[in-house]
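Below is the structure, and that's it, no one-letter string:
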Ligand code: SF4
Ligand code: SF4
């Protein structure tokens, strides 16, 4: 059987996932479940379905064609009974208004490489390349390695955006075929990390320490959230951790929280999973940049 993986999106002309103009491939499935995740559709490793009520024109083609009688019309629009829906995708195919959208497509290596090759002219002109994000790309390690090696043969610049929550051997193997890693340092306090992401950060920190012993480039990121990780204690602990690493690991991007996930949870039918957070105020973000600077670390918003 051909090797394939579940991909939920491929973004062309991406400019925030590494240098230059990039093609970003989003894998489906994540072994963390961050309460603030702005891609909640990436967490489940299975195909999912999104429904946008505002697009629905009431054509009811979906209801007529659903083989499992999983759909019914309500005052809120079409509602799916997930006890009987088998994610066959027929409702998305027949809906003339595209109100249903299937999330996740199994793509063989060869098919993804064709998509990547089609963008190669932009990589050359802009100093860009291919970025692998998610979800968690390392959950698809065998497939990822095949793609990374194929990209390497073509001299495409390769970025892996990862939680680093994986087997150390896997991470180090992937590092041999990657130019740049983007890694979040979400919360340094382990209890808080477990509470907000579902996993301990001990393995993540051990893996980052090992990765830093190689010569691969690493840019750290913080999804900056008021009351979760914007305290002086957390910023100082983050800076001290970065300064404890081998090599020059002195760049961190601050990604202030935004509420984009609220709408996605509604479309996924999981509004109960949405927890509202806030970004720190602008003057607090400026203080955080200054604090990192005192530790010799260049912090900036975005990236
Ligand atoms: S690691 Fe990223 S993709 Fe996974 S749950 Fe957290 S924010 Fe979402
Ligand atoms: S995905 Fe298939 S089973 Fe589920 S609601 Fe749509 S048509 Fe019915």
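Perfect, thanks for sending it. It should be emphasised that the depicted structure is a prediction, and the values quoted were computed from it without experimental measurement. Residues are numbered from 1 along each chain as shown. Ligands and ions are numbered 1, 2, ... in the order given.

Report the separation between the most centrally placed residue in the chain and ligand 1.
Nearest to the geometric centre of the chain sits residue 134, at 3.3 Å (Cα atoms, centre = their mean). For residue 134, the distance to ligand 1 equals 5 Å [Cβ to the nearest ligand atom, to the nearest Å]. Quick note: C-beta positions are derived from backbone N, CA and C, even for glycine.

The closest residue to residue 189 other than its chain neighbours: what secondary structure?
Sequence neighbours aside, residue 234 is the residue nearest to residue 189 in space, at 6.9 Å (criterion: Cβ to Cβ, 6 or more residues apart in numbering). Secondary structure, DSSP: H, G, I helix; E, B strand; the rest coil: residue 234 is helix.

and what of residue 62?
Under three-state DSSP, residue 62 comes out as helix.

Begin at 90, not 1, for the rest of this chat.
All set: I'll call the first residue 90, so the last point we hit is now residue 151.

thought it was touching residue 187?
No: using Cβ atoms under 8 Å, residue 151 and residue 187 do not qualify as a contacting pair, with a distance of 11.2 Å.

These two - which one has more neighbours?
residue 151 (24 against 10; other Cβ atoms under 10 Å).

pLDDT score for the residue nearest to residue 278?
On pLDDT, residue 323 comes in at 98.

Please report the number of neighbouring residues for it.
For residue 323, using other Cβ under 10 Å, the count is 19.

Next: residue 108.
For residue 108, using other Cβ under 10 Å, the count is 16.

What separation is there between it and residue 263?
Going from residue 108 to residue 263 by Cβ to Cβ, to the nearest Å gives 19 Å.

before we move on, what about residue 372?
Taking Cβ to Cβ, one finds residue 372 at 39 Å from residue 263.

Which one's more surrounded, these two?
Neighbour totals were compared for residue 372 and residue 263, and residue 263 leads with 23 against 8 (other Cβ under 10 Å).

Could you pull up phi and psi at that one?
For residue 263, the backbone dihedrals are phi -60, psi -40 (criterion: degrees, to the nearest 10).

got it, and residue 103?
Taking degrees, to the nearest 10 as the convention, residue 103 sits at phi -70, psi 140.

so who does it touch?
Residues in contact with residue 103 (Cβ atoms under 8 Å, 6 or more residues apart in numbering) are 110-113, 220.

ok, and the closest non-adjacent residue to residue 321?
residue 380 (6.6 Å).

Give me the neighbour count for the residue of the stretch 190-339 of the chain found nearest ligand 2.
Using Cβ to the nearest ligand atom, the single residue of the stretch 190-339 of the chain nearest to ligand 2 is residue 191, 7.4 Å away. When neighbours are defined as other Cβ under 10 Å, residue 191 has 17 of them.

Okay, and the beta partners of it?
Counting by DSSP bridges, residue 191 forms beta bridges with residue 138.

thought it was touching residue 136?
Yes: the pair residue 191 / residue 136 is scored as a contact, 6.2 Å apart, by Cβ under 8 Å.

Name the residues contacting each of those two.
Here residue 191 and residue 136 have 176, 178 as joint contacts, going by Cβ under 8 Å, 6+ apart.

Who does residue 113 form a beta bridge with?
residue 100, residue 220.

tell me the contacts of it?
99-100, 103, 106, 219-222.

change it to 6 Å
Residue 113 sits next to 100, 103, 106, 220, 222 when contact means Cβ atoms under 6 Å, 6 or more residues apart in numbering.

One more: residue 185?
Contacts of residue 185 by Cβ under 6 Å, 6+ apart are residue 148.

Please report phi then psi for the nearest residue to residue 266 once chain neighbours are set aside.
Closest residue to residue 266 apart from its sequence neighbours, by Cβ to Cβ, 6+ apart: residue 237 at 3.8 Å. The phi/psi pair for residue 237 (degrees, to the nearest 10) reads phi -60, psi -40.
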